[in-house]
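Participant: let's see this in three dimensions:
(3 chains)
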Amino acid sequence: MDVRNALEPSSEDAFEKQILDADGLRRALTRIAHEILERNGGSEDLILVGMRSRGVPLAHRLSSLIGQFEGALVPVGELDITMFRDDLELRLTRPAIQPTVIPRDLTGTTVVLVDDVLYTGRTVRAAMDALLSFGRARQIQLAVIVDRGHRELPIRADYVGKNLPTARHELVEVRLREVDGIDEVMLSSHPRSGTNQA
Amino acid sequence: MSNQNNDPIRLATAHGRFLGSVVIRGGRVIDPGQGIDAITDIAVRDGFVDSVGIGIDAPPGAQVIDARGLIVTPGFVDLHTHLREPGFEYRETIATGTAAAAAGGFTTVCAMPNTEPAIDTTAVVDFIRDTARRQGSVRVYVIGAITRGRKGKALADLIELATAGVVAYSDDGDCVTDSALMRNALAYSRTTGRPVVQHAEDRALTTGAQMHEGSVSARLGLAGWPRAAEEIIVARDCELAALTGAHLHVAHVSSAGTLDFIRRARSRGVHVTAEVTPHHLTLTDTLVGGHWWSATASLPAYDTSTKVNPPLRETPDSLAMAAGLRDGVIDCIATDHAPHATTDKHCEYQAAASGISNLETALGSVLAVVHAGGLTLVEAIAALTIRPARVFGLASGTLLPGMAGDVTIFDPDREWCVDPTQFRSKGRNTPLAGHILRGQVIQTIVGGEVICDRSA
Amino acid sequence: MRRKDVLDLDDFTPDELREVLETTAAMKEVLARPIRRVPPLRGKTIVNCFYEASTRTRVSFELAAKNLSADVVNITASGSSVEKGETLIDTTRTLQALGADMVIMRHGASGAPYLVARELDASIINAGDGWHAHPTQALLDLFTVQSRLGSIEGRRVAIVGDILHSRVARSATWGFTTLGAQVVLCAPPTLLPIGFADAVSTGLRAKGISTPCPVTMTHDVDEALRDADVVMALRVQRERMDAGLLPSLREYSREWGITRERIAKARFGALVMHPGPMNEGVEISPEVAYGPQSVIEAQVTNGVAVRMAVMYLLAGGRAGPAV
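Facilitator: Below you'll find the predicted structure:
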């Protein structure tokens, strides 16, 4: 859990380190759920929109946490931002499009975009662009489990589970029960392999 | 493998009268006209064959050619060549067409009359013969039109044309569809003894047709040219030849069924002869749907180089053509050399002109059948030399002493890649571009003069 | 999908077809949004190049392109230089010089888009060529059947009408058989393309698909409709009578028209399709065309989504480095 330890090994060495375990992740989500309620004065007109792929289960977890605290059902949307990416031109083939499900017109709502890792900010930019097709939200907020820095656009998160300074070649992986069978956040360095796309 | 690019082809334009002298030593001489197949020598003196035999003396001033390891045959004779001049000089001229013939081993070609104007008067016959004498690389015979302007309405002056020198009559490119007119043409042709060459195509069955009617045309959505359209006309014309006692020659047979009609007429004593093209011997309609010759050369679907009339048919048809040559129901191979300009072919399949530029690949294509065991080498050479000469009664196709000294020397195993940009013909339209052919002409000799030489 | 052009479905693998159908589902969702415009083709120029008049197909492609934020230019044969004798190659060179990214082409000559595809760097989508192919129509048929019946594999699809002259029938046959359905082609004997069933069997084998008897051809409409899950009627044109291929539309309608009585021979709940425009009362009776089994209107709606999917999946002709 000590962030400094994670940063100490030289960048050339491959390593893998757990940043959050299941309890840590649960605590982070619980805190974010409270912060969302506090900041918005309740859950009225709130909608959680998970960004594919891991943002979707995270949004559902936040929704049920808020439900436990408030007894109110916060609707969850699922957003695929593929067609709004700014790097489509750079690809040889088109990436597959996953379903987008937005349960209501967003006009007048407060949308909390939910994603696992905030990195360059480009995915969030695409997501905000995509959301505009569904109406004029009163506010769009952003919740992430890990903010790893290296922003390339003027974007910041409203709710952060953990701020994690990283090097570019490092990889932050949020693993979720629903997708990966385990809850944890890992930081790894594979000098020759890719980094987070986000 | 040698590439044609690297070959120094020296193509002389023969201004003289083909009166050279040459001695060819040590080659395997195959002359089916005389039944010769032996390693021996040939001497041509002042344009004519002097003698054939081992160790014969070289005529004075003769060029000596070492043909060891090569096949030496009479110069090839093509009964079906579109030289396009006059009228379509952008597609081919007498000069370029005969240069292509020489490059392909042909020393005699018969010019088809679908020119502009059509060859239906003495004036046009004279023009072609004059031009060929001045600019031609090989000997050119002229085929006259059957009908005036090739319009299929009224007979051309058939006797006048024969007097001017035509060796046969044809409206090739178009079928004489009117049965009465065809009967009259055949009957009238008896006055001159010249054969009537029919392009057999029942136009009512080929309206809009682009290719052979079969599973490939069904798949590609192209209107089909059924075999029956050829067979019906051949069946009818055989009856008309029987009725008139005339000589019918069937051009470019494409359908296996046609052979049955010819065979039956022959057995009744009707004078019917027939020819087949190298492409109908070797290629099929599947090419129209696209084909890979090799890793680097392929034909895409709808490639207009595959468009030809009559169309490429199916494997049983091409096998039947080789069988027909073996058993004699087909007399000879004729190229139907049909050069076209790029613009004639660089368009939609439906808008494209029909035809293949054939003279320079004919030998390689025919030898493919030989290499595959479909014909013997002797049968193939007979079908390119003495047999076509006999069909039109031409004084060529054999190396009997006293005959014209026209000789083709080829290497049956030399591989070369078909590169249409290197063609002597103006027509680069061939589906064989990029294909490796096995067998290439080394020297073509007309009247003792070496017209084409790849021996360097 | 990694290809420059969509010319026909004969060279599509089952996976490629599934990718298009899945993408189409995503595009249908886009069409349901309050603002149905997404940006993946922003800055791209798409040229609708129609040598045959077809308002329906052209508008469908145009809407699809605009929904994907592309700029659309329409070229129609009439009124353009085509009438002044400009050849297809001339037009192609112009399109190349103007920098079109994608060309949607409708042409009366089978194979014409193949010629253009060889000459152009841009992607070509065949919007119908002669009698040969109409791949996006077939894709929307596949999508319509998949979404209504849940599956295509093992289904029996009867196509009734002028098969010989139908690009829709040809492409639909490739599409349905590639996904494991059986297709029965039914027409008067004069309007059946001899050898087409063999051609499809051969083509499928080359793709590694071994459906037994993927295509049968018959002139018996009752046999064609028996146990069919899908019945597609095709337009029959008056010209066919002038060409001597049909005695009369009245006789055609009586012998091959899709009526309520005939539909009863198909499987219960079988879908009724028609690529349009319909000759009601000739190849299909109005009560069937507008009946509960008809999905003809859904075909039109799905057309836009399918075309968006195809346009999205094509790399757009300027493939950059792989990422």
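
Participant: tell me the domain ranges of chain B?
Facilitator: B:4-71+B:405-453, B:75-392 (automatic domain parsing).

Participant: which stretch among those domains is buried most, on average?
Facilitator: Highest mean neighbour count among the domains of chain B (mean count of other CB atoms under 10 Å in any protein chain shown): domain B:75-392, with a mean of 22. To be clear about C-beta, it is placed using only N, CA and C from the backbone, and glycine gets the same treatment.

Participant: what residue is smack in the middle of the chain?
Facilitator: Since no chain was named, I'll use chain A. By CA atoms, centre = their mean, chain A has its centre lying nearest to A:Asp115, at 1.4 Å.

Participant: look at chain C instead
Facilitator: For chain C, C:Gln137 is the residue whose C-alpha lies nearest the centre (CA atoms, centre = their mean; 2.3 Å).

Participant: wasn't the residue nearest to the centre of chain A part of a strand?
Facilitator: Yes. Assessed by DSSP: H, G, I helix; E, B strand; the rest coil, A:Asp115 belongs to a strand.

Participant: got JSON lines for the domains of chain B, with mean pLDDT and distance to chain A too?
Facilitator: Below are the domains of chain B laid out as JSON lines (pLDDT from 0 to 100; distance: least, CB to the nearest CB, whole Å):
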{"stretch": "domain B:4-71+B:405-453", "mean pLDDT": "90", "distance to chain A": "28"}
{"stretch": "domain B:75-392", "mean pLDDT": "97", "distance to chain A": "22"}
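
Participant: Throw these into JSON lines and include distance to chain C, thanks.
Facilitator: Shown next, in JSON lines, are these (distance: least, CB to the nearest CB, whole Å):
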{"stretch": "domain B:4-71+B:405-453", "distance to chain C": "14"}
{"stretch": "domain B:75-392", "distance to chain C": "3"}
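
Participant: closest one to A:Asp45 among these?
Facilitator: domain B:75-392 (57.8 Å; CB to CB).

Participant: from chain B, how far off is A:Arg177?
Facilitator: Per CB to the nearest CB, to the nearest Å, A:Arg177 is found 51 Å from chain B.

Participant: that residue: neighbouring residues, count only.
Facilitator: By other CB atoms under 10 Å in any protein chain shown, the residues close to A:Arg177 number 13.

Participant: ok, now C:Ala169?
Facilitator: If you count neighbours by other CB under 10 Å, C:Ala169 ends up with 28.

Participant: quick one: it is in a helix?
Facilitator: Yes. Under three-state DSSP, C:Ala169 falls within a helix.

Participant: list the contacts of the residue nearest to the centre of chain C.
Facilitator: C:57, C:128, C:167-168, C:171-172, C:275, C:303 (CB atoms under 8 Å, 6 or more residues apart in numbering or on different chains).

Participant: just give me the closest of those residues to chain B.
Facilitator: When these are compared for distance to chain B (CB to the nearest CB), C:Arg167 wins out at 6.3 Å.

Participant: picking up where we left off before, of all the contacts of C:Gln137, which comes closest to A:Leu25?
Facilitator: For the contacts of C:Gln137, the nearest to A:Leu25 is C:Gly303 (45.8 Å; CB to CB).

Participant: part of a strand, is that closest one?
Facilitator: No. C:Gly303 is assigned helix when assessed by three-state DSSP, not a strand.

Participant: all helices of chain A, in order?
Facilitator: For chain A, helices defined by DSSP state H occupy the ranges A:3-7, A:22-40, A:55-70, A:122-131, A:177-180.

Participant: closest one to chain C among the ones you listed?
Facilitator: helix A:122-131 (7.2 Å).

Participant: and that closest one with chain C, contact?
Facilitator: Yes. Using CB under 8 Å from any CB of the partner chain, helix A:122-131 reaches chain C at A:129-130.

Participant: next, the angle from that helix to helix A:55-70.
Facilitator: 70 degrees (axes from the mean of the first three to the mean of the last three CA atoms, to 10 degrees).

Participant: distance of B:Leu222 from C:Leu164?
Facilitator: Counting by CB to CB, to the nearest Å, the gap from B:Leu222 to C:Leu164 is 12 Å.

Participant: need the residues touching each of the two.
Facilitator: Common neighbours of B:Leu222 and C:Leu164, using CB under 8 Å, 6+ apart, are C:Trp131.

Participant: the nearest residue to C:Gly130 once chain neighbours are set aside: what's it in contact with?
Facilitator: The shortest distance from C:Gly130 to any non-neighbouring residue, by CB to CB, 6 or more residues apart in numbering or on different chains, is to C:Ser110 (3.3 Å). With contact set as CB under 8 Å, 6+ apart, C:Ser110 has these partners: B:220-222, B:302, B:349-350, C:129-133, C:167.

Participant: okay, and the helix or strand of chain A with the least pLDDT?
Facilitator: Using mean pLDDT, DSSP states H and E, the weakest-scoring helix or strand in chain A turns out to be helix A:3-7, at a mean of 46.

Participant: before we move on, back to that, format the contacts of C:Gln137 as CSV; extra columns: pLDDT, distance to A:Glu184 and neighbour count.
Facilitator: Output for those, formatted as CSV (pLDDT from 0 to 100; distance: CB to CB, whole Å; neighbours: other CB atoms under 10 Å in any protein chain shown):
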residue, pLDDT, distance to A:Glu184, neighbour count
C:Thr57, 94, 53, 23
C:Gly128, 97, 55, 25
C:Arg167, 97, 56, 23
C:Val168, 97, 54, 26
C:Ser171, 98, 50, 28
C:Ala172, 98, 50, 32
C:Pro275, 95, 54, 27
C:Gly303, 96, 47, 27
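
Participant: now do stretch C:136-147, average pLDDT.
Facilitator: Mean pLDDT, stretch C:136-147: 98.

Participant: stretch C:241-257 now?
Facilitator: For stretch C:241-257, mean pLDDT rounds to 91.

Participant: just give me how far the helix or strand of chain C with the lowest mean pLDDT sits from the chain centre.
Facilitator: Least confident helix or strand of chain C, by mean pLDDT, DSSP H and E, is helix C:239-242 with a mean of 82. Remark: helix C:239-242 is offset 23 Å from the chain centroid, using CA atoms, centre = their mean, to the nearest Å.

Participant: ok, now stretch B:245-257?
Facilitator: Counting by CA atoms, centre = their mean, stretch B:245-257 comes out at 15 Å from the chain centroid.

Participant: now swap in stretch B:311-327 and tell me
Facilitator: Per CA atoms, centre = their mean, the centroid offset for stretch B:311-327 relative to its chain is 16 Å.

Participant: what's the answer for stretch C:184-192, then?
Facilitator: Put simply, stretch C:184-192 sits 19 Å off its chain's centre (CA atoms, centre = their mean).
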